[in-house]
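> everything below, folded, please.
(chains A and B)
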Amino acid sequence: RKEVEQDPGPFNVPEGATVAFNCTYSNSASQSFFWYRQDCRKEPKLLMSVYSSGNEDGRFTAQLNRASQYISLLIRDSKLSDSATYLCVVSHNAGNMLTFGGGTRLMVKP
Amino acid sequence: DTGVSQDPRHKITKRGQNVTFRCDPISEHNRLYWYRQTLGQGPEFLTYFQNEAQLEKSRLLSDRFSAERPKGSFSTLEIQRTEQGDSAMYLCASRGAGTEAFFGQGTRLTVV
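Modelled structure (predicted):
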């Protein structure tokens, strides 16, 4: 079993739709959680950190469920420019180790 | 450019040859990571440095792979006796005091 698991998708949604991704992690000692975005043939870039109480950044909402060991990302009012792969990242070992999920591909269509 | 820099961007090599990649992290970032990524997969952890000390190394990393960060600044990743299965994008990332890891644009290795 992979340490961080994601549905690879692709998720094909129309512009304006709301879409949600989940990510599960196996290490209960995980301390920090992030969502990264990766465009085709580009490097990953931080989208947002995920806090215990949940957090929102514009159209993006991230939530953490420690009991069930999953994190989620909700994107509202999808834009064409949201098309990318979204990588779930989990950190343990005093916050230094970063383990990536396989990514979820999102395609927003006109 | 003050971002993470990797060199070369592309490398084509014959099977059995040795290759070396370089990563220049963001200045004063003490944490440096190497990842490998293949098409359709997420980045796979290879190794981690804090300053010049190599603190973590993936069990997936065979003896043909070695990484160094001699002065706690730039790092090199060497692959000896390359195999076709080594073909991938090799990504370097650095982190400072904050939580965000910044990635370089990667070195794409093709072993023929």
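
> is the longest strand along chain A anywhere near chain B?
Longest strand of chain A, by residue count under DSSP state E: strand A:84-92. Yes: applying Cβ under 8 Å from any Cβ of the partner chain, one finds strand A:84-92 in contact with chain B at A:Leu87, A:Ser91. Quick note: C-beta positions are derived from backbone N, CA and C, even for glycine.

> can I get the CA coordinates of the helix or strand following that strand in CSV?
Of the helices and strands lying after strand A:84-92 in sequence (DSSP states H and E), the nearest is strand A:97-100. Coordinates of each C-alpha in strand A:97-100 appear next as CSV, following Å, rounded to 0.1, in the frame of the first residue of the first chain:
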residue,chain,number,x,y,z
MET,A,97,10.3,14.4,4.9
LEU,A,98,7.8,15.2,2.1
THR,A,99,5.9,12.2,0.6
PHE,A,100,3.9,12.8,-2.6
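
> show me which residues of chain A are close to chain B?
Proximity of chain A to chain B (Cβ under 8 Å from any Cβ) is limited to residues A:4, A:6, A:8, A:32, A:34, A:42-46, A:49, A:87, A:91, A:93, A:95-103.

> so the residue nearest to A:Trp35 when sequence neighbours are not counted, which state does it fall into?
Leaving aside its sequence neighbours, A:Trp35 sits nearest to A:Leu47 (Cβ to Cβ, 6 or more residues apart in numbering or on different chains; 4.4 Å). Put simply, A:Leu47 is strand when judged by DSSP: H, G, I helix; E, B strand; the rest coil.

> so who does A:Leu47 touch?
A:Phe34, A:Trp35, A:Tyr36, A:Arg37, A:Phe60, A:Leu73, A:Tyr86 (Cβ atoms under 8 Å, 6 or more residues apart in numbering or on different chains).

> next up, the contacts around A:Ser30.
A:Gln69, A:Val90, A:Ser91, A:His92.

> can you show me the strands along the chain?
Reading this off chain A. A:4-6, A:11-14, A:19-25, A:32-38, A:45-50, A:55-57, A:60-65, A:70-75, A:84-92, A:97-100, A:104-109.

> let's do chain B instead
For chain B, the strands defined by DSSP E occupy B:5-7, B:10-13, B:19-24, B:31-37, B:44-50, B:53-57, B:65-68, B:75-79, B:88-95, B:102-103, B:107-111.

> which one of these lies closest to A:Lys109?
A:Lys109 lies closest to strand B:31-37 among the strands of chain B, at 26.0 Å (Cβ to Cβ).

> for the closest one, which strands pair with it and how are they oriented?
Neighbouring strands of strand B:31-37 in its sheet, by DSSP bridges, are strand B:44-50 (antiparallel), strand B:88-95 (antiparallel).

> could I get those as TSV with mean pLDDT?
Shown next, in TSV, are the strands paired with strand B:31-37 (pLDDT from 0 to 100):
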stretch	mean pLDDT
strand B:44-50	94
strand B:88-95	96
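
> below-threshold pLDDT in chain B: ranges please.
Scanning chain B with the threshold set as pLDDT under 70 gives B:1.

> near chain A, which residues of it are found?
So far as Cβ under 8 Å from any Cβ goes, chain B lies against chain A at B:31, B:33, B:35, B:40-45, B:48, B:50, B:55-56, B:91, B:93, B:99-101, B:103-106.

> ok, of those, which come out buried?
Burial by neighbour count, judged by 16 or more other Cβ atoms under 10 Å in any protein chain shown, picks out B:31, B:33, B:35, B:42-45, B:48, B:91, B:93, B:101, B:103-106 from the residues of chain B next to chain A.
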